[in-house]
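A.B. asks: Test case, fold it:
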Amino acid sequence: MAVLKKLPYRPMLIVLAVFLLIFPFYFRGKYQLAYTAIHYFGDGDEIELDGILYKKEFKNNSYRLYVENIHISNTSFPGRGILICESNNYPLHSKLHIKALVKPFSKAENEGSFDEETYYLGQGIYLRGEITEVVKVIPGRWSGFYEGLYQLREGMKSYYSYSLPGEEAGLLTAMTLGDKTSLDEEAKELFSDAGLSHILAVSGLHISIVGIGMFKLLRKKTNYLLSGIISSVFVVCYGILTGTSISTLRAIIMFLVLILGQIIGETYDMLSSWSLALMVVLLIEPMSLFNSGFLFSFGAVLGISLVANPMVDQYEMSCKKRFEKTLRFRKGEGYRKSFKERVVSSILFSLGIQLFSLPMVAYFYYKVPIYVIGLNLILIPLLSFLIGIGLVGGVIGAIFGFGKWLLFPCHFFLYFYELLSDASLSLPVAGLVTGCPTALKIGFYYIFLLLFVWKTYIKDIFFKAERIKKPGKIITGYGVVGILCFCLLVLHLPKPFEIDMLSVGQGDGIFIRSKEDVIFMIDGGSTSMKEVGKYVLEPFLLYQGVNRIDYWMLSHMDTDHI
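C.D. replies: Model (predicted):
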């Protein structure tokens, strides 16, 4: 009971527990409805619908209009839709009445391949069509506001393209506005392979930089209430400007809770605000469970609370206790972390987040980067300057048309980011192929990690162990657990004999794994599928955990086989 009294009281976690008991029944009904809706129309079916335009973007030489509150033949449609057209002369949050030809989403035909249907299902999008006729456009009450933010966004993108080389303009657009449509494919792969994909999406890190930076700046001139209101409005507008992805919505909700706590004088609790954000997002869109951004965003915050913070706390408590027992301690002097202790705390914090997110990285990408902890330690602190300069320079350039020199520092920041990412990939063993881990392996991984972290942490916090553990032993212990976690993901048990016939369109591709783990490939070409190696063969091999082909055989030399 003494231990329980020392635990923080979090009623929101009790509410979350009750919510999670009820949620499976809610999710089941929503999923059945979504599955029916996404397969209701066939390829080429002509439909006439009404919907509210909430987002638009230019991609693959055409405009994509995202609509919600859809009605087809005066019947409500359960999800959102994408409409493809050649023009975007329709203000956001206007009501569209259109005719379109349905283009269904494709399913992945091979393990590891991109599953278009699941991807859009995770965003609550169940319909896609090509517009054949726009019957009516009725602007909404807030169309001017939303369209103004959209035009500002497009102006910032244009000014980035004018001020920076193409590759760097695409990177800055992705980092500040969350728009990857102009992102160079090689740059995207570079950051993905280096483990830095999170800086190319607007998430909690970006909201913290923008929101907390604005709040602290305003606090120097005014009170908590006014500072909180202005910074909250600013963050919500920034979220709308960047498209309000799931990770952005989660970050905005948690930021608003933080600001509310500042205004009313209450302590901010990360797990409680995380719980509130989780329930809100799942109630709004339960299909978010299929969204990788949802899992990475909420998983990162959970990793901070359950792994990273306890690791840092245990190390810093050990340093403080040992400090008080050394000759350095004098009466009246407080404990101050040394430079070395600050560096080690940062490394442990980054290690904790990475250890918690590794199974998710392996599940979605089938490989894990090795040097990502060092990259984050160097590059994340610089991101505040990059985002701040990029936003200020972009807004000034978009509105006033001058200030190109403001974006000049971004050139050096982005060049340094690319240089360091490329250098990390040229190091030995830059990434380890894990394959797609099973649910059982992921479960064992998290049980092992949480038991190790919390076993000693609870003992030190709640039972006040008299024997002070040396900081060096704590660092060594977490280093060992990191290595063991890597091994748990990377090492595989012997697999049985296996043959897979890959779907490559007009062509042939056969994968064979012997009982001795010798890998054979037969053919692998296609004349109907573009870049079959990039989009079919490599993802399949990575999914299987294969990093080499022992023997590759060709049945004959036709182009659909080589």
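A.B. asks: OK, contacts around residue 152?
C.D. replies: By C-beta atoms under 8 Å, 6 or more residues apart in numbering, the contact set of residue 152 is 241, 395, 398-399. C-beta here means a position set from N, CA and C on the backbone, and glycine is covered the same way.
A.B. asks: Surely residue 80 and residue 67 touch.
C.D. replies: Yes. If you go by C-beta atoms under 8 Å, residue 80 and residue 67 touch, sitting 6.5 Å apart.
A.B. asks: Can you pick out the residue with more neighbours from these two?
C.D. replies: Taking neighbours as other C-beta atoms under 10 Å, residue 80 and residue 67 compare with residue 67 leading, 24 against 21.
A.B. asks: hang on, isn't that one packed against residue 96?
C.D. replies: Yes. The pair residue 67 / residue 96 is scored as a contact, 6.3 Å apart, by C-beta under 8 Å.
A.B. asks: Residues that sit against both of these two, list them.
C.D. replies: With C-beta under 8 Å, 6+ apart as the test, residue 67 and residue 96 both reach 51-53, 83.
A.B. asks: Now which of those residues would you call buried?
C.D. replies: 51-53, 83 (16 or more other C-beta atoms under 10 Å).
A.B. asks: circling back: quick one: common contacting residues for residue 80 and residue 67?
C.D. replies: Jointly contacting residue 80 and residue 67 under the rule C-beta under 8 Å, 6+ apart are residue 54.
A.B. asks: related to what we said a few turns ago, neighbour-wise, which of the contacts of residue 152 leads?
C.D. replies: residue 241 (23 neighbours).
A.B. asks: Please identify the helix or strand for the closest residue to that one other than its chain neighbours.
C.D. replies: In space, and not counting its chain neighbours, residue 241 is closest to residue 149: 5.0 Å by C-beta to C-beta, 6 or more residues apart in numbering. Element membership for residue 149, per DSSP states H and E: helix 143-163.
A.B. asks: next one: residue 132
C.D. replies: Per DSSP H and E: strand 125-138 holds residue 132.
A.B. asks: which other helices and strands contact that strand?
C.D. replies: Judged by 3 or more C-beta pairs under 8 Å, 6 or more residues apart in numbering; DSSP states H and E, the packing partners of strand 125-138 are helix 11-38, strand 46-59, strand 62-72, strand 80-85, strand 95-102.
A.B. asks: so which of these comes closest to residue 418?
C.D. replies: Nearest to residue 418 among the helices and strands packed on strand 125-138 is strand 46-59; the distance by C-beta to C-beta comes to 23.5 Å.
A.B. asks: buried ones in the closest one?
C.D. replies: 47, 49-57.
A.B. asks: Please enumerate residues in contact with that strand?
C.D. replies: By C-beta under 8 Å, 6+ apart, the residues outside strand 46-59 that reach it are 41, 63-73, 77, 80-81, 88, 90-102, 129, 132, 135, 140, 150, 179, 181, 243.
A.B. asks: now do stretch 394-407
C.D. replies: Outside stretch 394-407, the residues that touch it by C-beta under 8 Å, 6+ apart are 152, 155-156, 158-160, 162-164, 172, 176-177, 389-390, 392-393.
A.B. asks: Please pick the buried ones from those residues.
C.D. replies: 152, 155-156, 159-160, 163-164, 172, 176-177, 389-390, 393.
A.B. asks: and the two most separated of those?
C.D. replies: Across the buried ones among the contacts of stretch 394-407, no pair lies farther apart than 152 and 164, at 18.2 Å, counting by C-beta to C-beta.
A.B. asks: what about the strands in the stretch 351-500 of the chain?
C.D. replies: 367-369, 431-433, 498-501 (DSSP state E, counting those that start in this stretch).
A.B. asks: Residue 92: neighbouring residues, count only.
C.D. replies: Counted by other C-beta under 10 Å, the residues lying close to residue 92 total 25.
A.B. asks: residues in contact with the nearest residue to it once chain neighbours are set aside?
C.D. replies: The shortest distance from residue 92 to any non-neighbouring residue, by C-beta to C-beta, 6+ apart, is to residue 146 (3.8 Å). Applying C-beta under 8 Å, 6+ apart to residue 146 gives the contacts 91-93, 240.
A.B. asks: so can I have TSV of those showing distance to residue 108?
C.D. replies: Formatted as TSV, those follow (distance: C-beta to C-beta, whole Å):
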residue	distance to residue 108
91	36
92	32
93	34
240	32
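A.B. asks: who wins for neighbours among the residues you listed?
C.D. replies: Counting neighbours by other C-beta under 10 Å, residue 92 leads the contacts of residue 146 with 25 neighbours.
A.B. asks: any idea how far that residue is from residue 241?
C.D. replies: Between residue 92 and residue 241 the distance is 11 Å, computed by C-beta to C-beta, to the nearest Å.
A.B. asks: can you list the weak-confidence ranges in the chain?
C.D. replies: Within the chain, the ranges that satisfy pLDDT under 70 run 1-9, 322-335, 456-468.
A.B. asks: residues touching the residue positioned nearest the centre of it, list them.
C.D. replies: Residue closest to the mean C-alpha point of the chain, counted by C-alpha atoms, centre = their mean, is residue 293 at 3.9 Å. Neighbour list for residue 293: 201, 245-247 [criterion: C-beta under 8 Å, 6+ apart].
A.B. asks: Same question for residue 299.
C.D. replies: Per C-beta under 8 Å, 6+ apart, neighbours of residue 299: 356-357, 360.
A.B. asks: Could you rerun that using 6 Å?
C.D. replies: By C-beta atoms under 6 Å, 6 or more residues apart in numbering, the contact set of residue 299 is 357, 360.
A.B. asks: Using the three-state scheme, assign it.
C.D. replies: helix (DSSP: H, G, I helix; E, B strand; the rest coil).
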